[in-house]
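Asks: here you go, sequence then predicted model.
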Amino acid sequence: MSGLLPVAEARARILAGLDALPAETVPLSQALGRTLAAPLDALRTQPPWDCSAMDGYAVRAADATAPGARLTVIGEAAAGRAFAGEVDAGQAARIFTGAPVPRGADAILLQEDVDRDGDLVVAREAAQLGRHIRAAGLDFRHGETLLPAGHRLGARDLALGAALGHAALTVTRRPRVALLATGDELVPPGAPVGPDQIVASNSFAIAGAVRAEGGEAIDLGIARDDRADLAAALERAFAAKPDILITLGGASVGDHDLVQPTLLEAGVTFDFWKIAMRPGKPMMAGRRGATLVLGLPGNPVSSIVCALLFLAPALRKLSGRAEAAPRPRPARLGRDMPANDHREDYMRAALHVGDDGVTVATAFPRQDSSMLRPLAEAEGLLIRAPNAPAARAGDPCLVLELAHPL
Ligand SMILES: Nc1nc2c(c(=O)[nH]1)N[C@H]1C(S)=C(S)[C@@H](COP(=O)(O)OP(=O)(O)OC[C@H]3O[C@@H](n4cnc5c(N)ncnc54)[C@H](O)[C@@H]3O)O[C@H]1N2
Ligand code: MOO
């Protein structure tokens with residue numbers, strides 16, 4: 001055996017140590033992407049009264065059972081201006097869409113289906129009981145629960161929240177994630193790049209993934225490959241009281257991979273180091289106090305895949321979301337694949353929909369974890385199980401889609 005932790009077990013161990021963050025109240029206008037900390041209940045009934053779905057005439061259906069029925073118009077009901085009177089036998093009230101149906105009336109005749117002459121309307125069609133009337137409570141009733149706690153709020157839900165009578169919503173606090181890149185070779189984009197240097201890129205993807213999951217990213221820049229510099233940067237990171245601290249790089253076994261010993265010295269207790277996956281093998285996970293510490297590998301693709309598989313689920317659990325783990329979906333292989341070794345493979349792949357409507361995933365020929373271009377071009381990650389035997393084009397497989405905003 002390899003002694004590396006299986007992906008699912010690594011994720012389960014990370015999630016087991018996390019609880020939903022406390023609740024806070026935010027104005028409806030700021031609730032997009034937040035997660036409900038309590039069920040969303042109706043504070044009112046909608047529509048509050050029987051209401052007209054059309055412009056026309058509110059009548060008694062029994063008065064207009066056949067074309068030619070003649071009715072006297074006695075008033076008008078508009079949206080926001082109800083008709084206070086009652087529609088009696090032989091009478092009608094002019095009515096507009098969204099207006100309360102006056103007492104006595106039980107059907108709406110469309111204005112296209114009548115002829116009007118002064119105070120008189122003559123039906124060209126028979127009225128039908130209840131036709132074009134939205135009954136009170138058709139949409140929801142006071143006290144009903146419409147969305148459960150743990151639901152992440154989309155744009156539609158904000159309209160629902162407003163209609164239910166909420167000006168503010170109770171949501172979980174945003175998880176705070178501190179990001180610290182490490183490496184003498186790294187400079188931020190836009191800064192002069194020395195002869196032995198490259199541009200630090202990983203933090204941008206990780207911060208983006210954090211925000212996409214509703215978290216707040218705190219970028220603490222780049223620490224040098226120097227114990228003192230790294231230790232000082234880590235203290236700055238912990239001082240920001242993050243729910244999660246992410247280090248990038250220095251996770252492996254090289255002489256300059258100082259992250260693990262420095263984290264240990266800073267009081268971090270490690271749960272595990274090294275996962276049976278490719279890319280992302282040298283990821284480490286631990287805790288200091290209330291902070292989850294994830295040490296992601298430096299290779300850009302490794303760090304981003306680890307963020308998808310471990311950081312995003314951790315953020316979902318902290319946010320109180322019902323479903324934390326990523327959900328791969330079934331697909332077919334676009335080409336023959338060799339047998340896999342002991343690591344679960346997450347291969348950058350093109351996706352298309354085959355003739356039978358099933359997604360076809362074709363792994364790119366180069367799977368180097370340093371290469372951002374194929375990651376940017378990929379539409380999905382083709383998952384190859386540890387020790388999967390060789391497989392043929394057309395065989396079933398699993399993929400994780402890489403859709404916007406990732
Ligand atoms: N002898 C061994 N060597 C390596 C092993 C191993 O098992 N034995 N594992 C390899 C694997 S797998 C990975 S993944 C990498 C991870 O190494 P580190 O986490 O120590 O990462 P670094 O050495 O710091 O960096 C690797 C690579 O990535 C670049 N990098 C780092 N940070 C950033 C950043 N923020 N933005 C862009 N690029 C970054 C860095 O310059 C290096 O090129 O280790 C293998 N080695
Ligand atoms: O895990 Mo490393 O990520 O294979 O390059």
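Replies: Cool, the structure landed. This one's a predicted model, so the numbers in the text were calculated from it and none came from an experiment. Residues are numbered from 1 along each chain as shown. Ligands and ions are numbered 1, 2, ... in the order given.

Asks: got the residues of the chain near ligand 2?
Replies: Proximity of the chain to ligand 2, by Cβ under 6 Å from any ligand atom, involves residues R278, P279, G280, K281, P297, N299, S302, S369. (Glycine included, C-beta is placed from N, CA and C.)

Asks: tell me how many other residues crowd the fourth one.
Replies: Neighbour count of K281, defined by other Cβ atoms under 10 Å: 20.

Asks: secondary structure class for it?
Replies: Here K281 takes the coil state, with states given by DSSP: H, G, I helix; E, B strand; the rest coil.

Asks: redo the residues of the chain next to ligand 2 as TSV? Include distance to R124 and pLDDT.
Replies: Below are those laid out as TSV (distance: Cβ to Cβ, whole Å; pLDDT from 0 to 100):
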residue	distance to R124	pLDDT
R278	74	98
P279	72	98
G280	72	97
K281	77	96
P297	76	97
N299	75	97
S302	73	98
S369	74	98
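
Asks: among those residues, the buried ones, what's the ChimeraX command?
Replies: Typed into ChimeraX, the next command selects the buried ones out of the residues of the chain next to ligand 2 (criterion: 16 or more other Cβ atoms under 10 Å):
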select :278,279,280,281,297,299,302,369
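
Asks: now for the closest residue to ligand 1 within the stretch 251-400 of the chain: which residues touch it?
Replies: Closest contact between the stretch 251-400 of the chain and ligand 1, by Cβ to the nearest ligand atom, is at G298 (2.5 Å). Shown in contact with G298 (Cβ atoms under 8 Å, 6 or more residues apart in numbering): T182, G183, N202, L248, G249, G250, A251, S252.

Asks: secondary structure class of it, three-state.
Replies: With three-state DSSP as the basis, G298 sits in coil.

Asks: now do D341
Replies: coil.

Asks: that one: neighbour count?
Replies: Around D341 sit 14 other residues, with neighbours defined as other Cβ under 10 Å.

Asks: then P396?
Replies: Using other Cβ under 10 Å, P396 has 10 neighbouring residues.

Asks: so it is in contact with M337, correct?
Replies: No - the pair formed by P396 and M337 falls short of the contact definition of Cβ atoms under 8 Å, at 11.9 Å.

Asks: follow-up on the earlier one: top of the contacts of G298 by neighbour count?
Replies: L248 (31 neighbours).

Asks: which residues touch that residue?
Replies: Counted by Cβ under 8 Å, 6+ apart, L248 has contacts L179, L180, A181, T182, N202, S203, I206, L296, G298, S303.

Asks: show me where pLDDT drops low in the chain?
Replies: Along the chain, segments meeting pLDDT under 70 span 1-2.

Asks: ok, back up a step: give me the phi and psi for the residue of the stretch 251-400 of the chain closest to ligand 1.
Replies: Dihedral angles of G298 (phi, psi; degrees, to the nearest 10) stand at phi -80, psi -30.
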